[in-house]
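In: quick one, structure for this:
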Amino acid sequence: MEHLQKVNGGLAFQKPTGENHVLGHVPGAILTAKSFEKPKCVKEWVEFLSHLNDDSMQWMFSWFPSEVLVFRTKIVPFLVLIGLRGLQPYAPLRVLRQSGRKQNTPLVADMNHYYVDYKEGKIPFAKEVIRMWKLKETTKADSVEPNRYQAGCEDNYVEWLAADLEESIKPGVSLKDRIKDGEAEACILLRQLRKKSLAATLPNLQSELEAAKAENLRLKVELADIVEKNRLLEADKAGIYRDNAHFISRLGELEATISQLRSELDSVKADAVRMAERHQQLKSESVNDKEKLRVVEQKAETRARISDKLKSKLEEAAEANNVLQAELESANQIQIVLLEERSKLETKFKKAEADLEETLKDVKTVDARSTILIDYERWKSQRVTLELVKKG
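Out: So this is what the prediction gives:
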């Protein structure tokens, strides 16, 4: 996965520090790759891989010990790796950019012969594999490109790679003349015949492709029409949803109004019942009022008769008052006469008092004086009696 994350490292080679260089590398020698968000589905992987190119690939890592590289044997242009459960052929010549070297057109050999699993604990071709490793070939340090992270490739390598992907390159002999892969040659011949047949049918395929393009264009137009209709339907659907929501809210308001009207109707019915009861009560009260009116009329007649009697008595009282007024006038005249008499008597009394004072001054004896005082007191009582008469 690190080959998909473009990161350049230093140009200096990392020296091995132990038997296992990957686990025993110098801390910090492995570069931290930039954040890489993996595609989430097959479609995204296809889109991502289709845009990969030579510049966006991380062909090698700075921690990889690529100064000296075992890349083939003198017998065959590949290596045979000895695993725990079988043999696995490997061709470093096809991935030279992973070691910082320019990729050239590699030699092709049939490696299928050495895809072997162990049986009964025995390693097949053991002596041959040991001999291959004894005759291994290594690269030189000066074969590394100045910028080993962008080593590039030869001009004809791209054409060769395309032909190899089409499996149109014929493998050579694996081990001298001892092993020859006839089945592989037959498969290559079959692919070449298919390629020629495809070239013969290419014009028909092109016409069919043009027809398919026209059909595709027609389908695109229909699809656009369908999309537009679908958009209009969605708009109508949204409008229906809005109208439905409006109708639902309006229905809720109408239900609330109906509930309110029902409560008001119940109140009106209750008022009608109360009014009927009141009407019945007023009817009964009207009968009672008629009886009361009759009684009141009788009382009014009685009061009228009493009023007539009172009028006659008032007339009699008025006549008596007239008599009393006449008597009062007569009494007033008598009172005037009495007042005149009183005035005269007061004059006499004052004169008598004055005379009495003079007399008392001249009286020498006590008895005579007492007699005069007694007469004076009797005179005063008569005077009081006169005052009372005047008031009466």
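
In: mind checking what secondary structure F71 has?
Out: For F71, the assignment made with DSSP: H, G, I helix; E, B strand; the rest coil gives strand.

In: counting neighbours, what do you get for the closest residue to it other than its chain neighbours?
Out: Of all residues beyond its chain neighbours, the one nearest F71 is P92 (4.2 Å), with distances taken as CB to CB, 6 or more residues apart in numbering. C-beta here means a position set from N, CA and C on the backbone, and glycine is covered the same way. A count of neighbours around P92, defined by other CB atoms under 10 Å, yields 18.

In: which residues touch P92?
Out: Remark: with contacts taken as CB atoms under 8 Å, 6 or more residues apart in numbering, P92 is in contact with L69, V70, F71, R72, F78, L79, S99.

In: where do the strands sit along the stretch 1-150 of the chain?
Out: Using DSSP state E, counting those that start in this stretch, the strands of the stretch 1-150 of the chain run over residues 70-73, 79-82, 86-90, 116-117, 136-138.

In: quick one: list the elements packing against the longest one.
Out: Applying 3 or more CB pairs under 8 Å, 6 or more residues apart in numbering; DSSP states H and E, we find strand 86-90 packed against strand 79-82, strand 116-117.

In: got any ranges where the stretch 51-200 of the chain has weak pLDDT?
Out: Along the stretch 51-200 of the chain, segments meeting pLDDT under 70 span 167-189, 191-192.

In: switch to 50 and redo it
Out: 173-181 (pLDDT under 50).

In: could I get the full set of helices for it?
Out: Taking DSSP state H, counting those that start in this stretch as the criterion, the stretch 51-200 of the chain carries its helices at 126-134, 157-165, 182-200.

In: nearest to E377 among the ones you listed would be which one?
Out: Each of those has some distance to E377 by CB to CB; the shortest is helix 157-165, at 178.7 Å.

In: contacts for that closest one next, please.
Out: The set of residues external to helix 157-165 that reach it, using CB under 8 Å, 6+ apart, is Q103, N104, T105, V108, I169.

In: in CSV, list those along with neighbour count and distance to F48.
Out: Converted to CSV, these look like this (neighbours: other CB atoms under 10 Å; distance: CB to CB, whole Å):
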residue, neighbour count, distance to F48
Q103, 21, 23
N104, 13, 28
T105, 16, 28
V108, 17, 30
I169, 13, 28
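
In: returning to what we had before: could the helices of the stretch 51-200 of the chain go into JSON lines alongside distance to E377?
Out: Formatted as JSON lines, the helices of the stretch 51-200 of the chain follow (distance: least, CB to CB, whole Å):
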{"stretch": "helix 126-134", "distance to E377": "189"}
{"stretch": "helix 157-165", "distance to E377": "179"}
{"stretch": "helix 182-200", "distance to E377": "184"}
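
In: so can I have CSV of those helices showing distance to K292 and mean neighbour count?
Out: Supplementary listing: those in CSV, determined by distance: least, CB to CB, whole Å; neighbours: other CB atoms under 10 Å:
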stretch, distance to K292, mean neighbour count
helix 126-134, 143, 13
helix 157-165, 127, 13
helix 182-200, 128, 11
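
In: counting by contacts, list what the host helix or strand of K229 packs against.
Out: Secondary-structure assignment from DSSP states H and E places K229 in helix 202-362. Taking 3+ CB pairs under 8 Å, 6+ apart as the contact definition, the neighbouring helices and strands of helix 202-362 are helix 366-391.

In: what's the span of stretch 89-109 from first residue to last?
Out: Here the two ends of stretch 89-109 are set 11 Å apart, with distance taken as CA to CA, to the nearest Å.

In: now it: buried residues?
Out: Buried residues in stretch 89-109, defined by neighbour count with 16 or more other CB atoms under 10 Å: 89, 91-94, 96-101, 103, 105-106, 108-109.

In: perfect, that will be all.
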